[in-house]
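[1] sequence? don't have it. structure:
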């Protein structure tokens, strides 16, 4: 299964700085663990879905909204037994700063700094309001009337203000959603893997560390995340490799060792399998 930074999202953000999808119901053959540029507002409407953001796992209910930075690994794991409907907005920091000004933008963008995402839970009346706001954004974009770019930017800042105010109301009262034993165990495993992915991780040793039966541990992880443990580790390493390739001139051999691959040949083979290109080609594409 190919894994890559979300190319379409990045392409649209580079061109337009905002990417809006509303009431999306398309089913994908795979739901890759991924990152992308900018920030994301993810709004869940219908389905049976676990959402992974960083170290956290959320079992979604209609009206759940998540705010997170695009560079945090995330992945939905929807069940096929019911339609999966969601809305989302990706945007860049400067898109908000330009309209809101530096001081207000700092407060609004602060919502996206939680390493495992920020959950906003809307009730029925709130869902009607947020749905109308998404519809207004889409309508304005599709009309293409004079001043529509200004209107979309204004509506976006208004949406963020609504979310900001709601977050202040919620987190004075909200307790963390209860998790099942399986979800709690998988959350512990995710935290461990995200901290130790650079090391060699044997399943038997991991099970001992987690005080779990190895087969139960593997089953729970796959059921909740949709990925095997070894697959998750490889994807995490590849994502970190992409960051190093974009932001540094570190040698491929040194990088492969640092990220826990057995040798540079194995690293290059796995990178091409998941990213579709060699590490050298990926670096050239993103450093030109």
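    Thanks, I have the structure now. Computed from a predicted model, the values in this text were never measured in an experiment.

[2] list the beta-bridge partners for residue 88.
    residue 21, residue 42 (DSSP bridges).

[3] show me what contacts residue 39?
    67-70, 90-93, 109, 112 (C-beta atoms under 8 Å, 6 or more residues apart in numbering). Heads up, the C-betas are built off the backbone N, CA and C, glycines and all.

[4] spatially central residue for the protein, please.
    In the chain, the C-alpha nearest the mean C-alpha coordinate belongs to residue 74, at 3.1 Å (C-alpha atoms, centre = their mean).

[5] so what does it have for phi and psi?
    Per-residue torsions, residue 74: phi -150, psi 160 (degrees, to the nearest 10).

[6] how about it, nearest residue that isn't a chain neighbour?
    residue 53 (4.6 Å; C-beta to C-beta, 6 or more residues apart in numbering).

[7] just to revisit the earlier point, of the contacts of residue 39, closest to residue 274?
    The shortest approach to residue 274 among the contacts of residue 39 belongs to residue 70, at 18.3 Å (C-beta to C-beta).

[8] go through this protein and flag its longest helix.
    Assignment by DSSP state H gives helix 148-170 as the longest helix of the chain.

[9] ok, the contacts of residue 39 vs residue 141, which is closest?
    Taking these together and measuring to residue 141 by C-beta to C-beta, the closest member is residue 91, at 12.8 Å.

[10] which ones are touching that closest one?
    Contacts of residue 91 (C-beta under 8 Å, 6+ apart): 13, 17-19, 38-39, 156.

[11] please apply the same query to residue 105.
    So residue 105 contacts 93, 96-97 (C-beta under 8 Å, 6+ apart).

[12] the host helix or strand of it vs helix 148-170, what angle?
    Taking DSSP states H and E as the criterion, residue 105 maps to helix 102-109. Between the axes of helix 102-109 and helix 148-170, defined by axes from the mean of the first three to the mean of the last three C-alpha atoms, to 10 degrees, the angle is 60 degrees.

[13] low pLDDT regions in the stretch 101-250 of the chain?
    Applying pLDDT under 70 to the stretch 101-250 of the chain picks out residues 172-178.

[14] what is the residue nearest to the centre of the chain paired to in the beta sheet?
    Applying DSSP bridges, one finds that residue 74 bridges with residue 34, residue 53.

[15] residue contacts, residue 70?
    Taking C-beta under 8 Å, 6+ apart as the test, what residue 70 contacts is 6, 9, 35-40, 90.

[16] out of those, the closest to residue 168 would be?
    residue 39 (18.8 Å).

[17] how much space between the spatially closest residue to that closest one that is not a sequence neighbour and residue 138?
    Of all residues not flanking residue 39 in the chain, residue 112 sits nearest, at 4.6 Å (C-beta to C-beta, 6+ apart). Here residue 112 is placed at a distance of 22 Å from residue 138 (C-beta to C-beta, to the nearest Å).

[18] the two - which one has more neighbours?
    For residue 112 versus residue 138, neighbours defined as other C-beta atoms under 10 Å are more numerous around residue 112 (21 against 16).

[19] how about the contacts made by that one?
    39-40, 67-69, 118.

[20] distance to residue 238 and secondary structure added to the residues you listed, as a markdown table?
    As requested, those are arranged in a markdown table below (distance: C-beta to C-beta, whole Å; DSSP: H, G, I helix; E, B strand; the rest coil):
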| residue | distance to residue 238 | secondary structure |
| --- | --- | --- |
| 39 | 22 | strand |
| 40 | 20 | strand |
| 67 | 25 | strand |
| 68 | 20 | strand |
| 69 | 19 | strand |
| 118 | 26 | strand |
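
[21] output these in TSV, with distance to residue 86 appended to each entry.
    Output for the contacts of residue 112, formatted as TSV (distance: C-beta to C-beta, whole Å):
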residue	distance to residue 86
39	16
40	11
67	14
68	14
69	18
118	17
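
[22] please enumerate the helices of the stretch 151-288 of the chain.
    181-196, 203-210, 214-225, 229-247, 252-258, 264-275, 279-286 (DSSP state H, counting those that start in this stretch).

[23] which strands or helices does the fifth one pack on?
    To tie it back to what came earlier, the one meant is helix 252-258. With contacts defined as 3 or more C-beta pairs under 8 Å, 6 or more residues apart in numbering; DSSP states H and E, helix 252-258 has these neighbours: helix 229-247, helix 264-275, helix 279-286.

[24] alright, calling it a day.
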